[in-house]
Structures are given as C-alpha cells and as structure tokens.
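Colleague: I would like the atomic coordinates for the input below:
(4 chains)
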4 protein chains.
Amino acid sequence: MDGNSPIGVGVLGYAGIARAHLQAILRLPTVVSVPRRPIVVAVAGRSEAAASATAQMFGAQAVYTEWRRLVDDPRVEILINTAPNDLHADPCVAAAARHIHILCEKPLARSAPEAAQMLAAVAGANIVHMTGYNYRFVPAVRLARRFIDEGRLGRIYHFRARFCDESMIDAGTPYAWRHNRHRAGSGSIGDLAAHAVDMARYLVGEIDAVSAATRIFIDRRPRPDGGEGTVDVEDAVEAVVEFTNGALGTLEGSTFCAGRKNLFTFEVNGAGGSLAFNLERLNELQVSLRGDGIEGFRSILVTDPQHPYGGLWWPPGHILGWEHAFVHQLHRFLTAIVEGGVVAPEGATFEDGYRCAVVCDALYQAGREGRRVKVVIE
Amino acid sequence: MDGNSPIGVGVLGYAGIARAHLQAILRLPTVVSVPRRPIVVAVAGRSEAAASATAQMFGAQAVYTEWRRLVDDPRVEILINTAPNDLHADPCVAAAARHIHILCEKPLARSAPEAAQMLAAVAGANIVHMTGYNYRFVPAVRLARRFIDEGRLGRIYHFRARFCDESMIDAGTPYAWRHNRHRAGSGSIGDLAAHAVDMARYLVGEIDAVSAATRIFIDRRPRPDGGEGTVDVEDAVEAVVEFTNGALGTLEGSTFCAGRKNLFTFEVNGAGGSLAFNLERLNELQVSLRGDGIEGFRSILVTDPQHPYGGLWWPPGHILGWEHAFVHQLHRFLTAIVEGGVVAPEGATFEDGYRCAVVCDALYQAGREGRRVKVVIE
Amino acid sequence: MDGNSPIGVGVLGYAGIARAHLQAILRLPTVVSVPRRPIVVAVAGRSEAAASATAQMFGAQAVYTEWRRLVDDPRVEILINTAPNDLHADPCVAAAARHIHILCEKPLARSAPEAAQMLAAVAGANIVHMTGYNYRFVPAVRLARRFIDEGRLGRIYHFRARFCDESMIDAGTPYAWRHNRHRAGSGSIGDLAAHAVDMARYLVGEIDAVSAATRIFIDRRPRPDGGEGTVDVEDAVEAVVEFTNGALGTLEGSTFCAGRKNLFTFEVNGAGGSLAFNLERLNELQVSLRGDGIEGFRSILVTDPQHPYGGLWWPPGHILGWEHAFVHQLHRFLTAIVEGGVVAPEGATFEDGYRCAVVCDALYQAGREGRRVKVVIE
Amino acid sequence: MDGNSPIGVGVLGYAGIARAHLQAILRLPTVVSVPRRPIVVAVAGRSEAAASATAQMFGAQAVYTEWRRLVDDPRVEILINTAPNDLHADPCVAAAARHIHILCEKPLARSAPEAAQMLAAVAGANIVHMTGYNYRFVPAVRLARRFIDEGRLGRIYHFRARFCDESMIDAGTPYAWRHNRHRAGSGSIGDLAAHAVDMARYLVGEIDAVSAATRIFIDRRPRPDGGEGTVDVEDAVEAVVEFTNGALGTLEGSTFCAGRKNLFTFEVNGAGGSLAFNLERLNELQVSLRGDGIEGFRSILVTDPQHPYGGLWWPPGHILGWEHAFVHQLHRFLTAIVEGGVVAPEGATFEDGYRCAVVCDALYQAGREGRRVKVVIE
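Modeller: You can find the predicted model right below:
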C-alpha cells in the first residue's frame, strides 16, 4: 500500500503543533496510499527530556538538542520545522543547503526580509518547500476554493476574515516568547491574522493595499520565573484590505475575544453568490448561490464522497477534527516530493509564505503610520 | 387607557418606512398605556395619489403635496420625517421654528455640516427631537446595553458591525435618488453603515478615528424612464474604527453581499464577556460571560418578562418582527414629549444624529485620502 | 383601498390571544386591500372591566358580560371566539343558528363528539367557519406546503413535530381552568399537540393510527385564592403516528421542557428532500433537496417577494413576528366571506377542527389503554 | 510513556469500523500514557486480500480467513470484533472461553436471547468485556452525563433521541447482509436506534416500556451480482419510551431521512434544565440551566481543559472528529484490563449490550403487535 522505500523525517520542536505533524506521519499510510512511507528518524528541541519522550512516542531513534545536528543527520530527507519563529530561518536555510525538503510552520519568518532570505535559499536548492498554512487543507476550505474556481461566485466583491480567541485575555497569562517582537516578529498579526491573509490570497487573490490599527491591551505580564516581561507585540489588529482585483474587505486578529476559542471565520461575496466558513465548525461550509429561485444559505456538511478528500476517512456525516488537515497537507507535500512538482496551488510554498509576510509587515506599518500602505513584492 | 387629549402627527413621506411609523401610531395604544394618544392628522408627499391612499388608510384628513403646508398645519404637533435625505433639513428646520416635535429618519442629514444646522435649529426650540435609529429599540439590543451598563463586559476591547444586503447587486436595479450624492449625501455609508456607527456609539462610546476604503462596483444604472444614471455614491464601505476608550473594531456597509437580506450583525468583546447580535434573528442575543465555569455562548430568546419590553406583547417565545421597534421608539418619543425630557439615552437625539454624521463624513474622507481621520465634534 | 361597507366583528374574550386577533383587525387594512373593512363592534367577557378596557382600546362600542348578548347583537356578522375551551361549543352553535360567520380558537372543542356537534351546527348554516390553527399562515409553513404541493419532496416517509415549552415546570404556577379536564378537555394534547396534529394533516395528510403515552408530572397546584387544585389533564404527551399514506412519525406536546419557550418544530422527510421548521425562528425554513449535486440544508429567510405573503409587509430580511399570521388568517377568512367559499385548504375549517379532535381523543385513549388506536372519522 | 509490556490485539473485520479501532490503537500511545501498549498481532476476515492489506497497514503479522484461528492465536489477548452481526456471538463466546478480553461492536447480538448467551459466556471468564457504544466517549456526551450526575437537571421529565441518515433512500442501493433479518437481526433498530437506546440508559436510566411502529419503505433491492434481494428488516422505527423513573420520550431510527447524514440528536429535559446534542456537531453541547436569571441555551464547545478529555488533544476550540471517541473508548478498555475492573459506567459492558438488546426486541414486538411492551430483564 505504501511506497517502496521509506523517507526519513526530522522534526524540530515537540510542542502541540509538532504533535499534529507527528500524528499525521503516523496516520497517513492508514488513510491513503503513499508513494514513500514517512518515518520519523529524529526529533530536535531545547529540552532533551521532551525531545526524548516525543522521539520514543513516535519511534524516532535520534534525539538532538541542537537543530544543526538534525539538519546534519544524513537520514533526514525532510525537515518539519515547528520551532518558535526566530528559529525558522536558520534551520531552513541550512536544510536547503543540504537539499532537504522543508515543511516550515507559519508564519514563515519574523519579517518579510527574513522570509525573502528563506525564499532565496530554497529557490535554487531543487527541493520541495511548504509553509504550514494547514487550513488550506480543510475539506470545506477546499470546497470553497472549488466553488470559486468553477466561477460560481463570479466577480468577487468582498472578503472578510477574523481569527479570534481569548488566549491572552487573562492578565495572569505568563510572558512567553510570543510576546517578544525580536523572537516572534509580531503578535496577533503573525500568529492569527497571517492565516486570514493566506486564506485571502488563496481564495480571492493578491492584496494591493491595507489600512490598519493595532493595540496592546495588556503590556506587562508575569514571567514564569518571577518578574515581569514587557509585551511589545500587538494583542490585536483590525484592518481594511483592498485586493488587486477590486475586491474589498476586512481582516482581524485578536487574542482578546472572550468566549471565542478558535474562531477563524471568513465570508466571500461575489456576483454569483456567497460563501462562509467557521473553523469551530470546520466540517461545514455555508453557501448561497444566486439564481436557483430558492435562495438561502445552505450548510453543507463536507463529508460526502464527492467532496474534497471525500471517501478518505469515514462515511458521510462522520466529521473530521482539526488535525486531519495535517494529514492532507503531508500527503500533498510527499506527493510533490515524489512527483517532482510544487505544493501549490493546494498548498502554500515559501513564495506564499513570503508574500504573506509582506502583507503582515504592511499591516504593522499601516497601523503605526495611520495610512493606507501598498503591498510591494520585491 | 390612553391619555386625556390626542396629539396630532404629520407624516412626511408614504414609502415603506413611513408605513412602519404609521402602523406604530396605530398599534401603540393597544400595547401600552400612552400619555397622549397619537393621531395622524396629515400626510404629505410628492404624489397626491400615494399620499391620499396612505392618509385614508390611517385615518388622516389632510393630504399635502408640499411639505411646507404640512408644517404649517396647526394640528400638527409632531413631525415624522421619512422623506429622502435631501428633504430632511429644510422641513425639520421649519418645524423646529414652529415648535413642532420632530422624529426624523436617519441619516439625519446628507453631511455633518447639514446635520449641525439641524441640531442648531432644534437646540433652542424647546422641542423633543429624535433621529430614527430604531434598532436601539430592539429588545435584544436593549438587553445588550443592559449587560454593558451593568458592567458585565468590563473594559471593552472590540466592537465590530456589518450591515449588508444584496439590494444593489443586480446591474439592472434602476437608478434612483439613492445613487445620487447630491440627493442622498452618501450610499452605503449613510444608508447602512450609519446604523453601525450609531450602534457603536450606543454600546461602546465615542469613536476617535477611522480608516476606510470605499467602492463603487457598478457605476452606471438604467433610469426607469430610459437612459442611464451615473452612480456617484459608494456601494460599499469597509473601515477600521478606534474608540476613545481604547477599543478597536471594524465597520462595514455593503449592498453587494449575495444572499444577505438585511444582515446587521455586531459583536462586542470585553474583559468579562462577549455579546453578538444579528438583525435577521432579532429576537436573539448571543452572550458569553466569563467565570461561571461553564463557558459557551448562550442564545437568549429575548421575549421573557424580565427582558426589555418584556410582557408588552406576547408570552415568552412568541417572537417580535422588525417593525415592533418602531412602536417602542414612538413610545419613548411620546413619553419625552409629555414628561418634558429628552429621548436619550435610549433613543437617538439630533445630537446623536449629528455625531453619527461626523463619523460618516470621516469614513468618506478616510477612504478618499487613504489615511486615518480623526473624528472632530465642533 | 378597503371595501365599500364595513363588517362587524364581535370578540368573545380579551386575553392575549384575543389581542392578537384584535390587532389583526386593526392592521389588516393597512397591509392589504380588503373587500370589507372589519370593525370591532362588541367585546364580551366575564370581567366587565377587562372587556371594557379592551373595547375602548379597539374602538368597540358594546361591552357584554354574557356571550349570548354578543351573539344577539345584530351588528355582529363575525364571531371570533377566544374563550376557554368549555365556551367554544355553545356560543359557536348559537352564532351558527344566527348565520354569523365564526372564527373559533383551537382546539375547536374539548372532545371529538363536542366538535362533531359544532361541525353539524355550521354545516347547514351557510356561513364561513374557521378553526384558529394560525400557524398554517406563517410564511415559512406556507412555503413548506408549497414545496410539498409541487412534488419536490415526493413520497413522504416521515413527519415529526414537537410543541414544547416550560410553562408548567414551576410547581408554584397556580391552578387554572387549563388544569381541569372538564373545562379544558385535555392538557398538552389540546393545547400544544393539537397544533402538531393540524400541521401533520396540513402537510402530510390524514393520520391512520396513533400510539402514545401521557404523564402528569405535578398533580396538585396552588389555587390563586388558597387551597390546592388537582390537575387531571396531562402535562405531556409523546406519540407515534402512522399516516394513511404510509408515512411514520412522532408527535410531542409538553409544558415541562426547561428552556424551551415556544418550541414548535417539525421535520418532514420525503424521497426528494426534507423540510424543517422552528417556531422560535418562524421566518426561516430549512430545506434540503436531493439531486442538485451540492447537498446541505439551506436556511431560507422567508421574506422575499416570491415567498408566500412576500411583499405584503417589509423588504427582504425584515422579519415578521408571531402575530403576523393572525393578519394573514383574518384576510383568508374575510376573503372567503366575501367570495362565498371556504377557508380551506389554506385555513382550517370546523371540519379540520373536528378531525384534529378525533386524533387528539385517539392520543388520549392510546396512552390510557397502551395500544395502537385507529383514527375513526364518523 | 507507555507501559512495560505490549498487549496483543486481534481484530476481526477490516471495514470502516475496524479501521476506526485500528487507528485508535495506533494513536492512543501518542495521546495519553497507557499502562500496556496495544499491538495489532492479527487481522481476520473473509477476504484474504483485504485482511492482508489491513494487516500490513497496521503492522500485524498474522492474517486469518477464519475467525477461529484468530481466537486460537496465543498472542491475542484482546479481541476486537467488528464482524457482521451474525458473527458476534460465536467468536465472542470462543474468545471468552480462552479468557481473551473482548470489545465487541454494537449491537451486541441479533436478539436478546443471543446477547444473553454472550453475557453468560463472559460472566465467569474473568475478562474485561465491552460493547462498542462509542458515543459514550464523545466529550460532549460525557459532559452531559456530568451535568446529570451533578444533579443540575434534577428530576428528568423527558428524553428524546433520533438517529437518522439517508443511507437507504436510493432504491438502487444494493442488497447486503444488513437487509437480511437472519444475518443482521434487525435494521434501523439495531443499527441506529440501538445507539439511542444505549444513550437513554446511560443518561436517564432503565426503560420500562415501549410503544412503536416500524416500516419497510423499499422491500426489494438489487443484488450486486444480479437479481433482487428481499428486505426483511425495518427501514425505520418510531417509538415512545417510558422510563422506570417516570420520564417519557421518543426514539427514532431511520435510513430514509433525506439530507441527514449522521444525525444522532438527543435532548434531555429536567426540572433544573435541559441538554441537547447533535452528532453532526459533536464538539458542542447545548445547555440551558434554570435559575441564573439569564436564560437561553448555551452552546458549549467542549474542548476546554476542564471538559471531559480536556487537554488530551489540542488547545481550546480545536475540534475533534468522529473517531476520537474510539481512542477514549480503547483507553477505558485497556485501563480496565490492567486495573482489573469493569468498563462501566463510562463504557458499555456486555450487560449493557444485553439490556439494550432487550429494549430493541421490545421495540420490534411493540411495532408488530401494536401495543405497549414491557422491558423484561431476565
């Protein structure tokens, strides 16, 4: 069922997001025929205990506390980089130099220039590169794209997206690397709004200009080891986005929305109809198409055989969870490796990661300068 | 049940919105004890036939085709102005000069300066003045305000509101006064977004600055009598709003949202919880309050006796329609007349109408100039 | 706009349900052209004060404390009977003898035999008769029927309906005529489930047999004037219904459903699709039609011009309230009077009221005897 | 992280439901610390090719086409029986005789007597036995039970459950073992309604009596290999259930509900509040509790750390899929094996499987005989 020879994966990081990737590696061959079966060969991370536990759990033999050793391990053909944002660029650049295929978590980098450097590194390396905008691989999102590709929405007038949770609403939530601009690059912009930016680009097209405002609502937080840290990344960003095709919309990212747990919603309006999505109900897509004389938004439970990824998992109506998109994403990545192509347009390449970073930088600049900022791809 | 002497109402206009006011006049005394029973004494409008039919339907004896005659009619103690936007200022100023109480539809005027002129006219006239921001009188909206007034939401972090329909999405929808800046003042800004602005001010407080973009998607439309008209008001506006209290949000108005019929939604996030509302389900308020250990947004069907306007109409669960708010609004207006006060804070005064107009002008300017515009109250 | 001569209406009762009828009389001519304008000429009820207040509120000149005087009033051409169930039969029979058109609230009678007697009385009287199954006149319900009439659902497999509230869940809710079998005939069966039975007949067809169980959860309640009353009508009924066309379903009525305010829901499944409705969101109809390749239940906001009663009230998306159905019902009733026909199939005749009573009696019997009971129309 | 010695699992069957169990075996150790790590040692099934493919996919060394060889394999310490219903009893009885722990899919047997025989077999075998009523392990269902156990609902008045899909609505859906009473035991009763029965028992308690009706809507279906098969199991069942504690409700199972994909819904009403659940949105629980002065059903997204299975998987708001319950179920099963207890009350034992079968038989009998049938546990 799986391919002839396995392919070695090195994983940098062991937090929740790493586990989503690792479980995808485990499950993928039980869901779909894979050209080469992925094997976790090494786990790297700062804490040896944590890395060891993860390695044991997923059958990896090697454990490293320095990322360079992971990249130097000759069995590693694939790098999955789930490290904090300040450890995206260097390991990826090093891996590219060694012709290791790379799946790097989003945001690709802390800034557009840093992302540009990473993009340059993979450009000539003859490798498959991917930025982990995993929500592209949610069946309902893929179905949304299918509706748009089929022309059912016609000319797009509006796109709006919100990514909101309440993860920072408690003043007692401790200071972490995420609150530090040097390490994280940004706050809600890179962490949450970046997903909205990628979705905007995936569904509607390139963004031409943005206007925005940001806020830091709580600017000092207790450090786990005592004392306080100063938050210098935004808790929230609100923006108006203008697309090159004339569409207009809003983007939002905030960690101060009480009661919202993981609310990534978007709505697209076109001349022919509208689409709406909510990550907290990720198996459903709301669709209203004009002209059939009935009207009304229908709620499609995207689990039927004719739907994207239909038939891969369970019978109709048996819903998927958040992490299933990682399995689909990994499958696309492996297929591109074996077939020699790129992960786009289904998946996000480093080019997509870079372009998204340019928009993120523009959001920050627009908020700081109080003016509409053009998105300039170099 | 009703008061000693009736009070004469003159209505300018006979379109749908006039009928909502007229039915409210008819029904109010059957719902609640009124200090003085309102009687429609005259209807004015350009078409004598339409004005006549409306007058007969609601028992008015006088019909005028010139608004000045309405204001000159000595039986008219109240003017309800539902005329197109370019006929708000003059009739209201004339009515104020005659000490006629005024309920003027929104937007109060075509621009902030025009609204300022109207505000000045009523300021010294010793009359009750009201701008028809009727959604303040929806029970669920009033309940939202109650939650906020009680401090349950604490410090407010976010407000966002959308007012979207599909009323202009067909290119064949004919050119009308609404598409003409001189007559209407603006498009989606004054027609739709103004409701969102008033709601923002009602629930969160004053707006300090806005960033925005607008679009005209279809700029020529067929005239009913042949030929084409040039649309010079915006079909859509998207904006970022910054409140004086530090809250941040987005506002939207668009008539190009396929499948959205009358979608006025808002969400408020505070340190203590969140609220959400949708006019298409206007009997419901979504509320999530932190700290009770259960979590989750609850959907309150705002029809219980302890709710705002509870017990006025039907038993719990028997929902109200869109027009019921006009009855509540009229009751507030009449009560202020008899008791000698103002309609605020429940209702919007001309001061509120003016302040809303300042924000609307700022939205337009921000879109045109591509920069954050401060809201300046003169 | 309204017809040449007015038509006199006598109203028996002044409680909430009477007010819904009275407001409908007031509003109908402002909504649609009526052949003859209804005028409330008399109000009758046990309390003279309450009847007087109602009469004054709605412009009626006569007030009676005995229903016979109402029926004897020669100005009364229409009787609207909103009295308790034990005052349905006698006034209606007397009115029929005087050739007064009758709109009687549901349930038509306390039992099938009593309903049969009423049906016999109107049969030869050459009058228009109607049972107040007002939910037939909700636009979404009418749209449901339209879908079925058009054959879009094909063969019907299932119908299920619940009518649930929490009106009796408090042990302190006082004893009233509704708790007394002699006066009310039944409890949740006649009060709630009867609506479900009528809806079943309206949408699917005749019921052939029922199986059921009933419960009295709280059998003693405090009397308002001291002491306790014994509840001898069922608090809840649950039933299986079998239709003559082979369809199968469930019916439920209960006043012990915490948190449910006025939850009347139904779902119909056919070979071609399904429909679902919820009275707490009465402007919406859920529809799933097979075979269009998209799937999903769509939520139709039944306020568009092409929908039933479309264009009568407000623009699309401006929702109606619970009482609007009374206006539609009254219009159907008046039209039948002027045009000389019957209110069916849109409205329920006394024949429908009788047939519904037969099913209600069968539900009671099935519960008591623990067996499937055939529905026998005499 | 996992225990000292692995524990060998033999799986009978390789269809979809088998894969859900197999993936659970694979993932469990990556989610939670397990006392003994489960290893798939053998797969058995009629088709050697299919069994082989499954074995290879999940790392099993042995493949059998006869279930006896699976039970005879000394490495098999656990039997997971996912075979068709007519292959539940014999393999389970044989396994019990060899002191193999058993997790058997539901319905436990084709009839109550057959289930009784299986219960007798495990009774003295000193093994852990479990019936695969996996929905007990959905976090929202567990939370429902927690609310009830805490007494928040007080005395229970009502329970109603529906399990509906459209899996048999097409006349062209081929004849299979599911349509044959000898092989399947029953149709929608055992396949769908049995889940509702188990849920009723899990949440409310024992069922005292049932009334029911069943239907075969399409009684002949094409055989895959030509010709037609006669369907002799019910397509649908509708029932009234009466609980020993006085609660009253309805149960439904149907494969003829167009547009319903996997709609397992239930609602519980008690003196203190109500709960509602929908498997198509399995991460959510609707809860309305009386007495907090706010009212309204809240929609709890059951993914927070304080919720059942909270913290096992992902951060709040990252939803789980249908198959996650199999992981929780397996964990309970393994824990009982290592700790020496039983899987109840969280999981369903063979005793639960037997009691459920008695109710299922009563449903069938009640439908056939047209009378209320008592549930008699021998």
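Colleague: elements contacting the strand or helix carrying A:Met130?
Modeller: Per DSSP states H and E: A:Met130 is located in strand A:129-131. In terms of contact count using 3 or more CB pairs under 8 Å, 6 or more residues apart in numbering or on different chains; DSSP states H and E, strand A:129-131 is assigned the packing partners strand A:101-104, helix A:324-339, helix A:350-369. (Glycine included, C-beta is placed from N, CA and C.)
Colleague: buried deepest among those, which one?
Modeller: Ranked by mean neighbour count, these are led by strand A:101-104 with a mean of 26 (mean count of other CB atoms under 10 Å in any protein chain shown).
Colleague: so how far is that one from its chain's centroid?
Modeller: Mean-position distance between strand A:101-104 and its chain equals 13 Å (CA atoms, centre = their mean, to the nearest Å).
Colleague: what does stretch A:279-291 give?
Modeller: The chain centre lies 21 Å from the centre of stretch A:279-291; the measure is CA atoms, centre = their mean.
Colleague: report the contact partners of the residue nearest the centre of chain A.
Modeller: Nearest to the mean C-alpha position of chain A, counting by CA atoms, centre = their mean, stands A:Tyr133 at 2.3 Å. Residues in contact with A:Tyr133 (CB atoms under 8 Å, 6 or more residues apart in numbering or on different chains) are A:106, A:195, A:198-199, A:202, A:347-348, A:352-353, A:356.
Colleague: now, those residues that are in helices?
Modeller: Taking DSSP state H, the ones among these that sit in helices are A:195, A:198-199, A:202, A:352-353, A:356.
Colleague: which of these sit farthest apart?
Modeller: By the measure CB to CB, A:Met199 and A:Gly353 form the most distant pair in the ones in helices among the contacts of A:Tyr133, at 13.7 Å.
Colleague: thinking again about what came up before, so which of the contacts of A:Tyr133 wins on neighbours?
Modeller: Within the contacts of A:Tyr133, most neighbours by other CB atoms under 10 Å in any protein chain shown means A:Cys356, with 31 neighbours.
Colleague: isn't that one right up against A:Met199?
Modeller: No - A:Cys356 is not in contact with A:Met199 according to CB atoms under 8 Å; the separation is 9.9 Å.
Colleague: most distant residue from the middle of chain A?
Modeller: What lies farthest from the middle of chain A is A:Gly293; by CA atoms, centre = their mean that is 38.0 Å.
Colleague: per-residue confidence at that residue?
Modeller: A:Gly293 carries a pLDDT score of 79 in this model.
Colleague: contact partners for it?
Modeller: So A:Gly293 contacts C:Gln306 (CB under 8 Å, 6+ apart).
Colleague: look up how far C:Gly13 lies from it.
Modeller: 42 Å (CB to CB, to the nearest Å).
Colleague: with A:Gly16 instead?
Modeller: With CB to CB as the criterion, A:Gly16 and C:Gly13 are 64 Å apart.
Colleague: show me which of these two is the more surrounded one.
Modeller: Set side by side, A:Gly16 and C:Gly13 show more neighbours around C:Gly13, with 25 against 13, by other CB under 10 Å.
Colleague: stretch A:299-310 and chain B in contact?
Modeller: No - if you take CB under 8 Å from any CB of the partner chain as the test, stretch A:299-310 misses chain B, and the best it gets is 12.6 Å.
Colleague: list the beta-bridge partners for the nearest residue to A:His195 once chain neighbours are set aside.
Modeller: Residue nearest to A:His195 in three dimensions, not counting chain neighbours: A:Phe163, with 5.4 Å by CB to CB, 6 or more residues apart in numbering or on different chains. Under DSSP bridges, the beta-bridge partners of A:Phe163 are A:Gly253, A:Phe264.
Colleague: kindly report the same for A:Val373.
Modeller: With DSSP bridges as the rule, A:Val373 is bridged to A:Val210.
Colleague: contacting residues around it?
Modeller: A:Val373 makes contact with A:209-211, A:362-363, A:365-366 under the criterion CB under 8 Å, 6+ apart.
Colleague: and if we set it to 6 Å?
Modeller: A:Val373 makes contacts with A:210, A:362, A:365-366, as judged by CB atoms under 6 Å, 6 or more residues apart in numbering or on different chains.
Colleague: how about those residues in TSV, adding pLDDT?
Modeller: Output for the contacts of A:Val373, formatted as TSV (pLDDT from 0 to 100):
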residue	pLDDT
A:Val210	98
A:Ala362	98
A:Gln365	98
A:Ala366	98
